[in-house]
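Novice: sequence and predicted model, in that order:
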Amino acid sequence: MTNLTPDVHPDFQHAYRQVVERYFSRDPRYWPCFADTSFRRVIDFRRRNLQPGDQLNAFPGGHELRRVLLAESAPPAAMRLPAGDPDEMLGFAAALSKNWENPASVENVITMPCDPGVYGAMLGTLANPNLVYSEYAGMAHELERNVIRQMATLAGYSPDQATGIFTQGGTFCNLYGYLAGIRKSLPEARTFGMGYTHDYRFINSQGGHYSNITNLSLLGVDIQKRTIRIKLTPDNDIDLEDLEQQLRACFLLGCAVPAIMLTMGTTDTFAVDRVRPVCELRDRLCEQYGITVRPHVHVDSAIGWSLLFFLDYDFDRNPLAIHGETVAGLQRNVACFRELRYADSFTVDFQKWGYVPYPSSLVMFKNKSDLKYLEHDPADFSYFERDLQGRTHLQATIECSRSATGVFGAYAALRYLGIEGYQIIIAHCLQNADYFRRRLRRIPNIKVVAPGNQGPSVGFRIYDPARVADAETEFAAECRIQDTEVYLERLAANTRWHRQLFETGRDHGLFTSWVEFVTHTDYDERGMYHRIPGEKAVFMNPLTTCREIDDFIAHRMGQWT
């Protein structure tokens, strides 16, 4: 663990190594659950950090186990007892699942869970409470409320007024945000459906997660006619001028706007939408046009929420000795995340940058009264005791059964890592991302997309040096949208060259991923644009160091030199 990024202060290096040793090492000295023989075999195999194509050959009996796994189609007829040895098939499937502990794994907003998160989730699995109903949850319900209060305090909500629901993923959290807006603005839709009510429009940005659209489809919304997708700035965050024009047009026409969906930390380039200006714009226009029910502002902060741990960090003193460039980027982002408290609700994915096992997602509501809009008729819950129904969010949840494993994992991660532990590991990830950007910017035929976003996600385009002398100039030309065949072929040719480079070198140094919409062209007079593909790396892996980054860049440069 010596290959941290250059220029990292020795004090930070020491703190980082302590966090990794205690919370990300699967060390049975700290976490005895990892001494189990089955766990040790899986952990030891995955620590070899083999290339994906080499894993099957390296696993003892791997080919035969795979053959049985693919051929088996019926449960065994007879009972069997464990023989005392680890189960071969379970160990095989676990060991050859995607290895997010590999320092090269930076494909997406997924990472290895921390040791306390695993420990907590195991205890939750053992107890097996169902959070849907207080009688089925017991003390697990109070644990959920405990984590919700912690998150409310962290975000700047009142822990007495806020509430939340643990659910099975960020998509469900965003679905709750939309649903809250529908039930407030279009209450008839609860009984009669979306087509019954007067005209309405949902608003989200072109850079948001795909669940911004798939959730609307699930809710029965006419996406083509009832959704407004707001333009993006060059940094991929929401264009506030376009938002004002669209929102004003809706109110002028008497068109209801149930919800505005924002994003704080987009998947591919970590664009961060401003929340306070949007809420102030909403309130000003609602007053101007006499709108009595304000649009519900939900923030998809599934990725970015972890920056809340820095809201009280002393950037001037910088007690953790975080690298200067990273401190500057953190300050800019934290200034935006201070505004999260203005949102009506927001998404928290502990399973992403919170290092908790799946599933562990939480939708937070600023005002607990908002959940009243989600409630159904108590008569629909006839097999639950009426006096006990109000003790959990039974009538307001989308799910019936709600697992508590995410609650246990989140509580354990918060309890043991604490704010300081999260600050250290998140700063390490951001220092890696900054180092990667610096290395890429030194290469003339590579363009870093939205370099000012300063999050864990780094998008980029690589150009053929035989055709392109300067990536900045070529990228600027690509962004000037045209409809000519020459322009479109030039754009496609650049993409083909980069895609071929990606395909032939994807497993060296870093495991990156290809993105069909890493950035976009300018808008034409009709508001149309082209999506520009590219490559991305997401530095959330606590074990990644500059060694993997340097190997990746050396290999890529070797492919075209």
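Specialist: Perfect, I can see it now.
Novice: and the helices in the stretch 251-400 of the chain?
Specialist: 276-289, 324-337, 370-374, 386-389 (DSSP state H, counting those that start in this stretch).
Novice: redo these as JSON lines? Include distance to A537, mean pLDDT and mean neighbour count.
Specialist: Glycine gets a C-beta too; all of them are placed from N, C-alpha and C. Formatted as JSON lines, the helices of the stretch 251-400 of the chain follow (distance: least, C-beta to C-beta, whole Å; pLDDT from 0 to 100; neighbours: other C-beta atoms under 10 Å):
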{"stretch": "helix 276-289", "distance to A537": "30", "mean pLDDT": "98", "mean neighbour count": "16"}
{"stretch": "helix 324-337", "distance to A537": "16", "mean pLDDT": "95", "mean neighbour count": "18"}
{"stretch": "helix 370-374", "distance to A537": "37", "mean pLDDT": "92", "mean neighbour count": "18"}
{"stretch": "helix 386-389", "distance to A537": "47", "mean pLDDT": "59", "mean neighbour count": "11"}
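Novice: let's have these in JSON lines, adding distance to D312.
Specialist: Listed next are those as JSON lines, based on distance: least, C-beta to C-beta, whole Å:
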{"stretch": "helix 276-289", "distance to D312": "19"}
{"stretch": "helix 324-337", "distance to D312": "10"}
{"stretch": "helix 370-374", "distance to D312": "27"}
{"stretch": "helix 386-389", "distance to D312": "38"}
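Novice: wait, which of those is closest to A466?
Specialist: Set against A466 and scored by C-beta to C-beta, the helices of the stretch 251-400 of the chain come closest in helix 324-337, at 32.3 Å.
Novice: now that closest one against helix 276-289, angle please.
Specialist: Per axes from the mean of the first three to the mean of the last three C-alpha atoms, to 10 degrees, the angle that helix 324-337 makes with helix 276-289 is 20 degrees.
Novice: excluding its backbone neighbours, what's nearest L123?
Specialist: Leaving aside its sequence neighbours, L123 sits nearest to F408 (C-beta to C-beta, 6 or more residues apart in numbering; 5.4 Å).
Novice: tell me the contacts of that neighbour?
Specialist: With contact taken as C-beta atoms under 8 Å, 6 or more residues apart in numbering, F408 is in contact with 120-121, 123-124, 127, 140, 143.
Novice: tell me the secondary structure for it?
Specialist: helix (DSSP: H, G, I helix; E, B strand; the rest coil).
Novice: can you list the residues that contact stretch 22-31?
Specialist: 21, 34-35, 39, 43, 112, 114-116, 118-119, 355, 416-417, 421, 425, 542-543.
Novice: doesn't E241 fall inside a strand?
Specialist: No: applying three-state DSSP, one finds E241 to be helix, outside a strand.
Novice: helix or strand: which one has the spatially most distant residue from the centre of the chain?
Specialist: Taking C-alpha atoms, centre = their mean, the residue of the chain most remote from its mean C-alpha position is A78, at 43.3 Å. Element membership for A78, per DSSP states H and E: none, as it lies in no helix or strand.
Novice: how about the one 3 residues further on?
Specialist: Using DSSP H and E, L81 sits within no helix or strand.
Novice: quick one: low-confidence parts of the stretch 101-250 of the chain?
Specialist: Scanning the stretch 101-250 of the chain for pLDDT under 70 picks out the ranges 197.
Novice: now the helices for it?
Specialist: Using DSSP H, counting those that start in this stretch, helices in the stretch 101-250 of the chain cover 115-127, 134-137, 139-155, 170-185, 189-192, 211-218, 223-226, 240-252.
Novice: and the ones you listed, which is most packed in?
Specialist: Greatest average neighbour count among the helices of the stretch 101-250 of the chain goes to helix 170-185 (a mean of 24), per mean count of other C-beta atoms under 10 Å.
Novice: for it, packing partners?
Specialist: Helices and strands touching helix 170-185, as assessed by 3 or more C-beta pairs under 8 Å, 6 or more residues apart in numbering; DSSP states H and E, comprise strand 163-167, helix 189-192, helix 211-218, strand 259-263, strand 296-300, strand 345-349, strand 361-365, helix 370-374.
Novice: show me the chain divided up by domain.
Specialist: Domains of the chain are assigned by automatic domain parsing as 10-75+83-103, 129-419, 424-560.
Novice: ends of the second one, what's the gap?
Specialist: I take that to be domain 129-419. 28 Å (C-alpha to C-alpha, to the nearest Å).
Novice: cool, stretch 20-34 as well?
Specialist: Note: stretch 20-34 ends 15 Å apart using C-alpha to C-alpha.
Novice: stretch 522-542 now?
Specialist: First-to-last residue span, stretch 522-542, C-alpha to C-alpha: 36 Å.
Novice: re earlier: which one of the contacts of F408 is nearest to V275?
Specialist: Closest to V275, out of all of the contacts of F408 and judged by C-beta to C-beta, is L143, at 28.7 Å.
Novice: on that earlier part again, N236: which of the helices and strands packed on helix 170-185 is closest?
Specialist: The nearest among those, by C-beta to C-beta, is strand 259-263 at 9.2 Å.
Novice: report the angle between that closest one and strand 345-349.
Specialist: Using the same axes, to 10 degrees: strand 259-263 against strand 345-349 is 40 degrees.
Novice: in which helix or strand does L501 reside?
Specialist: helix 485-504.
Novice: what helices or strands is that helix leaning on?
Specialist: strand 457-462, helix 471-479, strand 531-538, helix 546-560.
Novice: deepest in the core, which of the ones you listed is it.
Specialist: Highest mean neighbour count of the helices and strands packed on helix 485-504: strand 457-462, a mean of 26 (counted as mean count of other C-beta under 10 Å).
Novice: quick one on the thing from earlier: distance to L4 for the domains of the chain - can I get that in TSV?
Specialist: Shown next, in TSV, are the domains of the chain (distance: least, C-beta to C-beta, whole Å):
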stretch	distance to L4
domain 10-75+83-103	5
domain 129-419	10
domain 424-560	6
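Novice: and the residue nearest the centre of the protein?
Specialist: I303 (3.2 Å).
Novice: all set, thanks.
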